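A.B. asks: return atomic coordinates for the entry below.
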Amino acid sequence: MLLLYQNKQETAQKNLPTVARADMSPLWYNTGMEQTETMTLRLSRLSVDCIIGDLPEERGREQRLRVDAELEVPFAAALSDDLRDTADYAALAGRVREALVAARCRMIERAAKVALDACLADANVLRARVRVTKCGAVPGLESAAAELAGGK
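C.D. replies: Below is the predicted model:
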């Protein structure tokens with residue numbers, strides 16, 4: 001749980017935000033539902049050009065995947081406004097892209113596992129759900145997608 005202090009001296013020493021409260025006692029941050037320690041960070045439609053597919057003609061050319069991810073990260077960043085308290089989504093997008101390009105997966109199910117592992121490699125990602133979509137793989141089929149979730 002995140003403990004916020006009302007006392008300005010304690011707040012300054014601990015580098016914590018101040019919350020108005022008359023009794024000057026410690027105050028648990030409450031979102032109005034449950035006391036919260038995490039929040040969701042979403043990455044939408046990351047485009048990755050990579051080798052994906054099982055057919056011989058697919059092994060020699062890149063195809064586009066679209067990756068969506070929901071990341072459970074510490075709530076601390078919402079209070080601190082500090083990148084060190086959350087997942088750096090620019091770095092994470094690069095890590096997912098690099099992992100998929102290097103993996104040269106045959107199946108989108110495997111690509112989903114590679115993307116999930118890349119997300120969970122971030123120290124501030126506690127849990128993640130990824131969806132990897134391959135568009136235009138089959139005539140008449142808009143897309144095929146695999147979803148996978150996991151945590152530490």
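
A.B. asks: tell me the bridge partners for the most centrally placed residue in the chain.
C.D. replies: In the chain, the C-alpha nearest the mean C-alpha coordinate belongs to residue 71, at 3.1 Å (C-alpha atoms, centre = their mean). Applying DSSP bridges to residue 71 gives these bridge partners: residue 41, residue 128.

A.B. asks: pretty sure residue 47 is touching residue 68, no?
C.D. replies: No. At 11.2 Å, residue 47 and residue 68 do not qualify as touching, with contact defined as C-beta atoms under 8 Å. C-beta coordinates here come from the backbone N, C-alpha and C atoms, glycine included.

A.B. asks: neighbour count for these two, which is higher?
C.D. replies: Between residue 47 and residue 68, counting by other C-beta atoms under 10 Å, residue 68 is the more crowded of the two (17 against 10).

A.B. asks: what segments of this protein are strands?
C.D. replies: Secondary structure of the chain (DSSP state E): strands located at 3-4, 27-28, 38-50, 63-74, 127-138, 141-151.

A.B. asks: before we move on, back to that, so what's the residue nearest to the centre of the chain up against?
C.D. replies: The neighbourhood of residue 71, defined by C-beta atoms under 8 Å, 6 or more residues apart in numbering, consists of 40, 41, 42, 43, 87, 92, 119, 122, 125, 127, 128.

A.B. asks: so what's the nearest residue to residue 137 once chain neighbours are set aside bridging to?
C.D. replies: On the basis of C-beta to C-beta, 6 or more residues apart in numbering, the spatially nearest residue to residue 137 that is not a chain neighbour turns out to be residue 144, at 5.7 Å. Beta bridges link residue 144 to residue 134, judged by DSSP bridges.

A.B. asks: just put the strands of the chain in a markdown table and tack on mean pLDDT and distance to residue 56.
C.D. replies: Formatted as a markdown table, the strands of the chain follow (pLDDT from 0 to 100; distance: least, C-beta to C-beta, whole Å):
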| stretch | mean pLDDT | distance to residue 56 |
| --- | --- | --- |
| strand 3-4 | 40 | 59 |
| strand 27-28 | 38 | 59 |
| strand 38-50 | 96 | 17 |
| strand 63-74 | 96 | 14 |
| strand 127-138 | 94 | 15 |
| strand 141-151 | 96 | 19 |
